[in-house]
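[1] Starting from these lines, generate the structure:
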Amino acid sequence: MAGLRTKTRQAELTDLLKRDHTLNGGILIGLDGYIIEVQARAVDVLKKQATWDSPTISGLTSDAAKEVKNRIKGSFAKLNIPGPEVEILINLAPADMFKGGTWLDLPLAIIMLQAAGLLPDLAEHLEGEYVLMGELGIHGEIRRVPGALSLAYVTKPNQKLIVPSGNEKECALILAKPGHEGCGVYPVGLLEHVIQFFQGKRNLENALTQAITFDNHIPSATDFGLVRGQTRAKRAAVISAAGGHNLLMIGPPGEGKSMLAGAIPGILPKLSNAEKVELTRIYSACGELKQDGLAVTRRPVRSIHHTATKIAVIGGGSGVPKAGEVTLAHHGVLFLDEIAEFSRDTLESLRQPIEDGEVRISRATAKVTYPCRFTLIAAMNPCPCGYFGTDSCRCKETDVKKYLSKISGPILDRIDLQVELQALSTKERMASARPGESAKLRKVVQDAREKQLKRFESTVISCNAAIPGGEVFDYCEFSEPATEHFTSIIDGNKVSTRSTTRLAKVSRTVADLAKSKTVEKEHIDEAASFVIGGLLRDLF
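    The predicted model follows:
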C-alpha cells in the first residue's frame, strides 16, 4: 500500500517515470528475420503492487501478449521476483509489423524488470549492441526457437546475440561469414543467468570462440548401384538431373520407382556454400532442425503422400503463412508418389511454383514469398490395379483412361520426361549391387551442368529446363542435318508447341551429356523417346 511506503521509496518509484528503456529483439516472418526495437517505460506509480500480467504491450496481438505475459509471470514466480509497483507500458516497433511466435519472450522479460527498477539499464551506447531472443518456460528455462539462423542473418557487425542454449551453433553458421564482423553469440539456458548478466554478476561465453562442427540433417541418398535393372529409367533420371528436367515414371508397383526417386539427389551437383546456408535457413524457420548443430549440406528429397493437403504441399495457413513441402524441396527433389491419386486441386496448385520457382502467399497479417526451385519426380501405376499390359491386369480400357486422366494436361505439359518401368526379371532381382555408381554419375551430371553454367553465365537461366520458351532455339544449337530431323519428328507426330520446346531442351541436355557442342540427330532421337512417346500419349 502507498501508505506503507517510505518517502525514499516513493521518490525512487517516481524517478522511474523519467527513465527510457530500449532493447533489441527479433522475429521471423516467413524465412526472413527482422530486428524489433523493444521500448518500455514506467508511466505511473501504482497504489499497490501489481502482478506481472499487468504491463501493457502495444504492437503485439492481444492473444499473443496474454500468452507471453503468462509465461513471464510463471518464470518470475519461479525466481521469487516481486510484482511491479509501477504501471509499465511496452511498445514493439515497428508497430505495423505482425509479431507472433515466442522469439520476444526474453527481451520482454528483461525490459519489464528494467522498467520496474529491478534491473539496471544497459549503458545507452550499449543498448543497440545486444539482440535477445528466446522462449521462456514457466520454470525459468529458456527454450530454443525456430529460425534463429534467419535472425542471426540480419544482425549488424559487432552486435551480440543472447540466444537459447541449443541455438548457438545455428547462429554461428552465419555469424562467422563476411558482413558479421565482430559479432558474438552467447547461449543461455536459464532466465536467472541473463538477469545476473544484466546485474553484472555473470559473464556469458561467446560460442564463436570455440570450434563448431555440424552434422548433416539430410541423410545420404540411395546409391544408384542399389537399383536393380531399369536401365532405361536410370538413363531418364540422369537426363533429368543433368538438365533440371521434371520426370514421370510409370510402372507396376514394387519395381523401383520410389527407390530411383530417392537416388536422384545423390547425382545432382553438390550444393554451393550459399545454397547450404539458404537451405539451413529454410529448415530452421520451418522447425525441421530438432537439435543444434544440424545443417543442410545435401540436396533434399521430399516424398509426399497423395493424401497431403494443398496447404501442406504449397504452404499457407492462418497468421503468417507457413512454408510447404515445395519449399522444403528447394534445390532438391519433390517426389509425388502415385500422382494420379492426388486431388486435382493440389496438382493444379503446383503449376505456378513449377513455372516461377517461388510461392507467393498473401494473408491479412503478412505477405510472404518462399523459394521452391526443385526437380519434380512423379511416379504412378499404369492403371488402377498397377499391371496394365500384362496378363495380371484386371482393368477395362475405360478404367485405365479414367485413371490416367486424373493428371491434368497443364501439369503434364510441365513434365519434360516420361519413362516406363518394366517388371524385373528374376535374374535382375538377384543381381549384385554396384555401390559407387552414384559418384560416377554425379561426375557426368556435373560436367553437363558446367557446360550450362557457361552457356547461361550472363543470364538468370539456371539450367536447360529453365530456358524460356521463346529463347529455346537461341541456346539449343542444332547441326543442319539435326534441324531437318527435328522438323520431321515434330511434323510427323503433330506435337504441341510446348512439346516442341521440351524436345529441344531435352535434346540439348542429351548433347551436353555427350559433350557435343551441337545437337545431333542421335540426341534428338533419344530425347524424343522420353518426350513424345509413352503410355500417356498413346491412351489420350
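[2] State the mean pLDDT of the longest helix seen in the chain.
    Of all segments of type helix in the chain, defined using DSSP state H, the longest is helix 437-455. Across helix 437-455, the average pLDDT comes to 95.
[3] Checking the nearest residue to residue 447 once chain neighbours are set aside next. Helix, strand or coil?
    Spatially, and ignoring its direct neighbours in sequence, residue 447 is nearest to residue 515 (7.3 Å; CB to CB, 6 or more residues apart in numbering). C-beta coordinates here come from the backbone N, C-alpha and C atoms, glycine included. Following DSSP: H, G, I helix; E, B strand; the rest coil, residue 515 is assigned to coil.
[4] hmm, back to that, off-centre distance for the longest helix of the chain?
    25 Å (CA atoms, centre = their mean, to the nearest Å).
[5] And for the next helix or strand after that helix, what's in contact with it?
    Using DSSP states H and E, the helix or strand that follows helix 437-455 in sequence is helix 472-475. With contacts defined as CB atoms under 8 Å, 6 or more residues apart in numbering, helix 472-475 is touched by 455-456, 461, 464, 467, 501, 504-505, 508.
[6] and if you look at stretch 218-235?
    237, 249, 251, 255-257, 259-260, 262-267, 296-301, 419-422, 424-425, 428-429, 431, 433-438, 441.
[7] Please flag which of those residues sit within helices.
    Reading helices off the contacts of stretch 218-235 with DSSP H, I get 237, 257, 259-260, 262-263, 428-429, 437-438, 441.
[8] sorry, back to before: what residues sit buried inside the longest helix of the chain?
    437-438, 441-442, 444-445, 448-449, 451-452, 455 (16 or more other CB atoms under 10 Å).
[9] Same list (these) but as CSV, adding distance to residue 415.
    Output for those, formatted as CSV (distance: CB to CB, whole Å):
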residue, distance to residue 415
437, 25
438, 23
441, 21
442, 23
444, 22
445, 19
448, 20
449, 20
451, 23
452, 20
455, 23
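[10] Quick one: list the elements packing against the longest strand anywhere in the chain.
    Identified as the longest strand of the chain according to DSSP state E is strand 32-45. Judged by 3 or more CB pairs under 8 Å, 6 or more residues apart in numbering; DSSP states H and E, the packing partners of strand 32-45 are helix 7-16, strand 21-29, strand 86-93, helix 105-115, helix 148-153.
[11] following the fourth one, which helix or strand shows up next?
    This means helix 105-115. Downstream of helix 105-115 (by DSSP H and E), the next one is strand 130-132.
[12] contacts for that following strand?
    Contacting residues not belonging to strand 130-132 are listed as 23-26, 35, 106-107, 110, 122, 151, 155, 159-162, 194 [CB under 8 Å, 6+ apart].
[13] any idea how far it is from the chain center?
    Using CA atoms, centre = their mean, the offset of strand 130-132 from its chain centre is 25 Å.
[14] ok, now stretch 320-328?
    With CA atoms, centre = their mean, you get 7 Å for stretch 320-328.
[15] Endpoint to endpoint, it covers what distance?
    Taking CA to CA, to the nearest Å, stretch 320-328 runs 17 Å from one end to the other.
[16] buried residues in the longest strand of the chain?
    32-42, 45.
[17] and what of stretch 469-481?
    By neighbour count on 16+ other CB under 10 Å, the buried set for stretch 469-481 is 472, 475-476, 478-479.
[18] same thing with stretch 383-403?
    Within stretch 383-403, the residues scored as buried using 16+ other CB under 10 Å are 383-388, 393, 395, 400, 403.
[19] do stretch 271-279 as well
    271, 275-279.
[20] Quick one: residues in contact with stretch 145-153.
    26-28, 31-33, 101-103, 131, 133-135, 161, 163-164, 167, 170-171, 173-175, 180, 183, 185, 277, 280-281, 284-287, 289.
[21] one step back: walk me through which strands whichever helix or strand comes after the longest strand of the chain pairs with, and which way each runs.
    Sequence order places strand 56-58 as the next helix or strand after strand 32-45, per DSSP H and E. Strand pairing for strand 56-58, determined by DSSP bridges: strand 86-93 (parallel).
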